[in-house]
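**Q** Just a sequence and a predicted model for now, questions to come.
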Amino acid sequence: MSLSLYVECEIILGDVEVASTGGGFLLGFGLCLLLISSALFLFLDQQYEEVMKCRSEVVYLYHLTHTQGYVSAMIALETLGHYTDIIADAIDGLGLGWLRDSLRQIRIAALYIRDVYYASEKAYYSMQPIKVAPHILTATILLATILIITGAALIIKARRKQRSPIATP
């Protein structure tokens, strides 16, 4: 941005000022965009391989937790979990106290199974943007390069126009 401010201060003639200011803006914006995109690209490049190594496991876990059998078992455990404390107290009275703690764990197991279900969804759906992120960042870097070239061309054109005296009728 300091380059565009310098160019704006240096050129002060009509169309030349507009071209120079626009060129400075494009150049400055393009440089900022290039810097940010490149930094994100480098960061993503390091993490991308690690994430893609886990992709097959995430897809497998998602499809496993979203099968009809898994969902039915999850719902059954949640439903049964509401009654396990009552059943555990009744079993304790029948002399089967050793089953009491196991029955109380059914409600907790249902919560864990539900957590795995939602965690697999989050992991699966977060993989989608990560797959296209390198392409988006590459396009952003190309756009930034085009903005820089266009801005520099406008600045050069404005300077040439300012230096060459053109007779106006």
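**A** Ah, there it is. What you see is a predicted model, and the numbers here were worked out from it, not measured in a lab. Numbering: from 1, shown residues only.
**Q** Ile136 versus the residue nearest the centre of the chain, what's the distance?
**A** For the chain, the residue sitting closest to the mean C-alpha position, by Cα atoms, centre = their mean, is Pro129 at 6.1 Å. Applying Cβ to Cβ, to the nearest Å, the value for Pro129 to Ile136 is 9 Å. In short, each C-beta sits where N, CA and C put it, glycine included.
**Q** try Ala76
**A** Using Cβ to Cβ, Ala76 is found at 43 Å from Ile136.
**Q** Now the residue nearest to the centre of the chain: which helix or strand?
**A** Following DSSP states H and E, one finds Pro129 within helix 100-163.
**Q** give me every residue that touches His66.
**A** Tyr117, Ser120, Glu121 (Cβ atoms under 8 Å, 6 or more residues apart in numbering).
**Q** possible to save these as JSON lines with pLDDT and distance to Leu96?
**A** Shown next, in JSON lines, are the contacts of His66 (pLDDT from 0 to 100; distance: Cβ to Cβ, whole Å):
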{"residue": "Tyr117", "pLDDT": "96", "distance to Leu96": "31"}
{"residue": "Ser120", "pLDDT": "94", "distance to Leu96": "36"}
{"residue": "Glu121", "pLDDT": "94", "distance to Leu96": "38"}
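**Q** Where neighbours are concerned, which of those has the most?
**A** Neighbour counts for these (other Cβ atoms under 10 Å) peak at Ser120, which has 20 neighbours.
**Q** Touching, that residue and Thr65? I think so.
**A** Yes. Ser120 sits in contact with Thr65 when judged by Cβ atoms under 8 Å, with a separation of 4.5 Å.
**Q** The closest residue to Thr138 other than its chain neighbours sits in which helix or strand?
**A** Nearest residue to Thr138 in three dimensions, chain neighbours excluded: Phe41, at 7.5 Å (Cβ to Cβ, 6 or more residues apart in numbering). For Phe41, the host element (DSSP H and E) is helix 14-65.
**Q** who does that helix touch, helix- and strand-wise?
**A** Applying 3 or more Cβ pairs under 8 Å, 6 or more residues apart in numbering; DSSP states H and E, we find helix 14-65 packed against helix 2-10, helix 100-163.
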